[in-house]
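Engineer: only geometry, no sequence info:
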């Protein structure tokens with residue numbers, strides 16, 4: 001079964017969601033585009049990014065865009081397939097940059113709607129943890145939860161991941 005137009009892969013931190021998403025994209029015979037939202041502010045993150053790049057191998061066109069995945073999606077051609085990894089880092093980047101989050105979300109949704117290629121989006125499920133102890137973290141959790149709900153409503157397929165195991169939340173497993 002081929003991927004639908006928009007697939008959301010949702011799970012907790014270190015649940016295996018990126019591995020599942022990459023596997024889904026790699027099953028396609030289309031050229032792959034990796035839209036990376038991470039920023040390397042320290043050695044640990046630089047190492048993680050390098051490890052992910054090496055694991056993916058050379059068969060991906062990578063676009064690093066911590067604040068503007070909408071423009072990257074707009075550059076994806078009909079014959080390609082794209083993976084945004086991840087919406088959680090993108091949203092936290094916007095929050096810390098004091099960007100207009102509602103406007104950026106609208107731009108991203110418009111780009112996803114206009115994209116002729118299949119797109120897989122990775123995002124963290126933030127509703128299963130404890131209530132954060134500070135206002136910024138609580139605001140982020142609320143923003144991420146709302147974004148995930150709106151993205152899931154738009155998606156053709158939503159895949160949950162827990163302990164590396166994928167399960168269909170919406171649609172069928174590809």
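Structural biologist: In hand now; what should we look at? Just so it is clear, the structure is predicted and the values come from calculations on it, not from any experiment. Residues are numbered from 1 along each chain as shown.

Engineer: tell me, how many neighbours does residue 128 end up with?
Structural biologist: Other residues within reach of residue 128, judged by other CB atoms under 10 Å, total 9. All C-beta spots, glycine's among them, are computed from the backbone N, C-alpha and C.

Engineer: And residue 56, by the same measure?
Structural biologist: By other CB under 10 Å, neighbour count at residue 56 equals 18.

Engineer: For the longest helix seen in the chain, list every residue counted as buried.
Structural biologist: Across the chain, the longest stretch assigned as helix under DSSP state H is helix 135-154. For helix 135-154, burial by neighbour count (16 or more other CB atoms under 10 Å) applies to 140, 143-144, 147-148, 151-152.

Engineer: From residue 170, how far off is the residue at the greatest distance from the centre of the chain?
Structural biologist: Of all residues in the chain, residue 133 has its C-alpha farthest from the mean position, at 25.7 Å, by CA atoms, centre = their mean. According to CB to CB, to the nearest Å, residue 133 and residue 170 sit 32 Å apart.

Engineer: and the closest residue to residue 81 other than its chain neighbours, how many neighbours?
Structural biologist: Nearest in space to residue 81, with sequence neighbours left out and distances taken as CB to CB, 6 or more residues apart in numbering, is residue 30 at 4.2 Å. Residue 30 is flanked by 17 other residues according to other CB under 10 Å.

Engineer: tell me the contacts of residue 163?
Structural biologist: 15-16 (CB atoms under 8 Å, 6 or more residues apart in numbering).

Engineer: Next, give phi and psi for it.
Structural biologist: Residue 163 has phi and psi values of phi 50, psi 40 when expressed as degrees, to the nearest 10.

Engineer: which helices and strands does the helix or strand containing residue 93 pack with?
Structural biologist: Per DSSP states H and E: residue 93 is located in helix 87-96. Contacting helix 87-96 under the criterion 3 or more CB pairs under 8 Å, 6 or more residues apart in numbering; DSSP states H and E are the following elements: helix 101-114, strand 119-124, helix 135-154.

Engineer: do you know which of those lies nearest residue 80?
Structural biologist: strand 119-124 (9.7 Å; CB to CB).
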